[in-house]
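Student: Curious how this folds, go ahead:
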Amino acid sequence: MTTLKSKLQDDLTAAIKARDELRSSTLRLTLSAIGYEETAGKAARELSDEEVLKVITREAKKRREAADAFDKGGRADSAQRELAEGEVLAEYLPKQLSDEELAAIVAEAVAEAKAGGAEGPRAMGAVMKIVNPKVAGRAEGGRVAAQVKRLLAG
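Tutor: Prediction:
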């Protein structure tokens, strides 16, 4: 079993013993999503830590989007619950890059792509191929894409 998945299960056990309903329900849903991912496809398999991290990231994104939807629908209590669940999941994610750190990584990738002959807005794909492995899990795709577009346009 991967270390991240076993940590989630240990934390779930501790949350149940502590009667922490928010943490236990959030971890149950996340472990369920991991289990679904492991059995999806033609053959069951064990997820690596990186794949488990992707599942947790996806679950955290779902919580943020649901909180926004609840806010727009006037259901503040449900939005608060989703945000609280997102905070529980954030504990398992790597620290997010600041705007300055992201800008530096993207600027370096743009320079690398220009050295390879790619320029202008059409270089977006080439730059994203360079940036994505460097920021994997530490910056949301939308933030990265916006930064790349800003640097390519300017």
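
Student: Tell me the buried residues in the helix or strand hosting Glu87?
Tutor: Using DSSP states H and E, Glu87 falls within helix 76-90. By 16 or more other CB atoms under 10 Å, the buried positions in helix 76-90 come out as 79, 81-83, 85-86, 88-90. Where C-beta positions appear, they are placed from N, C-alpha and C, glycine not excepted.

Student: same check, this time on stretch 10-25
Tutor: 11-12, 15, 20, 23-24.

Student: could I get the residues you listed as a markdown table with pLDDT?
Tutor: Listed next are the buried residues of stretch 10-25 as a markdown table, based on pLDDT from 0 to 100:
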| residue | pLDDT |
| --- | --- |
| Asp11 | 94 |
| Leu12 | 93 |
| Ala15 | 94 |
| Asp20 | 93 |
| Arg23 | 93 |
| Ser24 | 94 |
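
Student: What is the nearest of the residues you listed to Ser48?
Tutor: Asp11 (19.2 Å; CB to CB).

Student: Could you point out the longest helix of this structure?
Tutor: helix 49-72 (DSSP state H).

Student: Restricting to C-alpha, output that helix in PDB.
Tutor: Presented in PDB, the C-alpha positions along helix 49-72 are these (Å, rounded to 0.1, in the frame of the first residue of the first chain):
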ATOM      1  CA  ASP A  49       1.600   8.200  -4.200                       C
ATOM      2  CA  GLU A  50       1.600  10.600  -7.200                       C
ATOM      3  CA  GLU A  51      -1.700   9.100  -8.400                       C
ATOM      4  CA  VAL A  52      -3.200   9.300  -4.900                       C
ATOM      5  CA  LEU A  53      -2.100  12.900  -4.800                       C
ATOM      6  CA  LYS A  54      -3.900  13.600  -8.100                       C
ATOM      7  CA  VAL A  55      -7.100  12.100  -6.700                       C
ATOM      8  CA  ILE A  56      -6.800  14.200  -3.600                       C
ATOM      9  CA  THR A  57      -6.200  17.300  -5.700                       C
ATOM     10  CA  ARG A  58      -9.200  16.500  -7.800                       C
ATOM     11  CA  GLU A  59     -11.400  16.000  -4.700                       C
ATOM     12  CA  ALA A  60     -10.100  19.400  -3.300                       C
ATOM     13  CA  LYS A  61     -11.000  21.100  -6.500                       C
ATOM     14  CA  LYS A  62     -14.500  19.600  -6.400                       C
ATOM     15  CA  ARG A  63     -15.000  21.000  -2.900                       C
ATOM     16  CA  ARG A  64     -13.900  24.500  -4.100                       C
ATOM     17  CA  GLU A  65     -16.300  24.400  -7.000                       C
ATOM     18  CA  ALA A  66     -19.100  23.100  -4.900                       C
ATOM     19  CA  ALA A  67     -18.500  25.900  -2.300                       C
ATOM     20  CA  ASP A  68     -18.700  28.500  -5.100                       C
ATOM     21  CA  ALA A  69     -21.900  27.000  -6.400                       C
ATOM     22  CA  PHE A  70     -23.500  26.900  -2.900                       C
ATOM     23  CA  ASP A  71     -22.400  30.500  -2.400                       C
ATOM     24  CA  LYS A  72     -24.100  31.600  -5.600                       C
END
